[in-house]
Structures are given as structure tokens and as C-alpha cells.
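K.L.:
make a model of this:
(one chain, ligands or ions: 2)
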Amino acid sequence: MKKFLASSLLSADFLHLEEVIHFTEKAGVDLLHLDIMDGHYVPNLTFGPPLISQIRNITNLPLDVHLMITNPEETIDTYCEAGASMISVHPETTKHLHRLISYIKKKNIKAGAVLNPATPLSMLEDILCELDYVLLMSVNPGFGGQSFIPQVRKKVDRFIKIRKILGCEQVKLEIDGGVNLENIGDLSRAGVEIFVVGSAIYHSDDPEATIQKMKRVL
Ligand code: DX5
Ligand code: ZN
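P.N.:
Ligands and ions are numbered 1, 2, ... in the order given. This next block holds a predicted model:
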């Protein structure tokens, strides 16, 4: 099973973003993870579709867009048009999750649902097989640089079991928050397929070497 390393630009140096994206791509990252925060759903603000389109123009890497915004159905077109390759939404931010997921997939963009640390897996039972991926948050959404919440490790095991019982093993598992060189190997062996890493890459002494080390572990 191929594993994907997704670097989160949230912890990157925004004043040198082009340079960062180029060395990230060269070092062997598989996806760029873009955290969209609106200051309502989460207590932080980041960036939106105009920056996504600019990033789309300077890299061939797939763009993994993580929407932490309320009522994403109202602005979803702008993210699709900006060049997202994958879009994930938090179920509690939209009234009609099934409608939104179907809409994203119709645009030929991979669609995912995100569960916060306290949100149970059962929330997705009736839609799981229609998702392209599930993103398990291993920190509370809003900020980079937080520690991995240990209870989420067991949730990973439960997800792998439930995915099998429901017969939808094609639905990929992504993890986001507090992933680093110490825990990435264990998470990979547990069955996680996509790893979002922000501060452990961009706040390390040598981000390129860290990317390469992580790729070797996967
Ligand atoms: C948090 C974001 C994450 C964050 C991860 O809300 O969804 O993608 O950037 O950063 P680290 O790897 O530092 O926990
Ligand atoms: Zn994220």
C-alpha cells in the first residue's frame, strides 16, 4: 500500500512560500496540505482560494485542501476552481454532508470527511463507503505545533476495523496533528495511509532532511 507524506504549509515561512514549496517538492513530499481557517469554526485565520490558485501555478504536487470553515457549501466552488485535488470538510460545519461530498466528487476532486479528536467514528458510518478518505484529527483543529492526543491512536485501530467490516477498504485514512519522526512509523504500521506533517518538518533544523527521513520510514 502506497503511503503519502503531506506537508502542511501552516508552519512554513509565508514570506518565502515559493522557495519553501520548491524545496518541499524536490525533497520528495507527495502532497501539499493547505489548512483553510475562517476564524469562526476555528479560532484562527489563514488564507483562501486566491493563494491556492497561486500555489497551483507553481507546483505539480496535488493540493490537499483541509477546510475548517463554517457552511463550506456556500464557497465550495471557489476551492474547486482554485485547483484543489482533494477537499476535506468537517461534518459539523455543514447541514448536508452527503450532498456536499457528492458535489465535490462530481467535480472530479477527491472528497474527505474530517473527525475532531472528540467526534466519534460512528458519525460517518452511513457515508463512509462514499468517501475517498477520512481525516482523523490528532489535535484540536486551529493551530500547528500541538502534541498528538494519545487517545487518537486507538481510534486509528478502530477505524481500520470498522472500514473492513463495512467493506470499504478503498477509503484512505489520513492523520493530521502532532505527527513527527517518533510516531510516524507506528502510525504507518497501524494502517494510516496519508500523513500530514507541519511543524515537525518546517520547524526542524533541516526540513529537507526531515522529509527524506520520514519518506524512508514510510
Ligand atoms: C491543524 C491543522 C494541521 C496542522 C498540523 O488545525 O489541520 O494541518 O498544520 O501541524 P502540526 O504537524 O504542527 O501538528
Ligand atoms: Zn490540516
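
K.L.:
dump the residue contacts of whichever residue of the chain sits closest to ligand 2.
P.N.:
Minimum separation of the chain from ligand 2 (Cβ to the ion) falls at His66, amounting to 3.8 Å. The C-beta positions use only the backbone N, C-alpha and C, and glycine is treated the same way. For His66, the contacting residues are 33-36, 88, 114, 135, 176, 196, by Cβ atoms under 8 Å, 6 or more residues apart in numbering.

K.L.:
same thing with His16?
P.N.:
His16 neighbours (Cβ under 8 Å, 6+ apart): none.

K.L.:
what residues does the protein put near ligand 2?
P.N.:
35, 66, 176 (Cβ under 5 Å from the ion).

K.L.:
do that again at 6 Å, thanks
P.N.:
8, 33, 35, 66, 176, 196 (Cβ under 6 Å from the ion).

K.L.:
out of these, which comes closest to ligand 1?
P.N.:
Of all those, Ser8 has the smallest distance to ligand 1: 3.6 Å, by Cβ to the nearest ligand atom.

K.L.:
count the residues that sit near the nearest residue to that closest one once chain neighbours are set aside.
P.N.:
Counting by Cβ to Cβ, 6 or more residues apart in numbering, Ser8 lies nearest to Gly198, which is 3.4 Å off, once chain neighbours are set aside. Per other Cβ atoms under 10 Å, the neighbour tally for Gly198 reads 24.

K.L.:
element containing His66?
P.N.:
Of the helices and strands defined by DSSP states H and E, His66 is found in strand 63-68.

K.L.:
mind listing the strands that strand pairs with, and their directions?
P.N.:
Based on DSSP bridges, the pairing partners of strand 63-68 within the sheet are strand 31-37 (parallel), strand 86-89 (parallel).

K.L.:
relative to strand 63-68, how tilted is the helix or strand that the last one is followed by?
P.N.:
Right, strand 86-89. On the C-terminal side of strand 86-89, the closest following helix or strand by DSSP H and E is helix 97-106. Per axes from the mean of the first three to the mean of the last three Cα atoms, to 10 degrees, the angle that helix 97-106 makes with strand 63-68 is 160 degrees.

K.L.:
so what does helix 97-106 touch, helix or strand wise?
P.N.:
Counting contacts by 3 or more Cβ pairs under 8 Å, 6 or more residues apart in numbering; DSSP states H and E, helix 97-106 packs against helix 76-82, strand 86-89, strand 110-115.

K.L.:
so Lys110 sits right up against Val65, yeah?
P.N.:
No. Using Cβ atoms under 8 Å, Lys110 makes no contact with Val65, being 10.0 Å away.

K.L.:
quick revisit: the residue nearest to Ser8 contacts Gly144, doesn't it?
P.N.:
Yes. Look at Gly198 against Gly144 with Cβ under 8 Å: they come within range, at 4.2 Å.

K.L.:
joint contacts of the two?
P.N.:
With Cβ under 8 Å, 6+ apart as the test, Gly198 and Gly144 both reach 8, 10-11.
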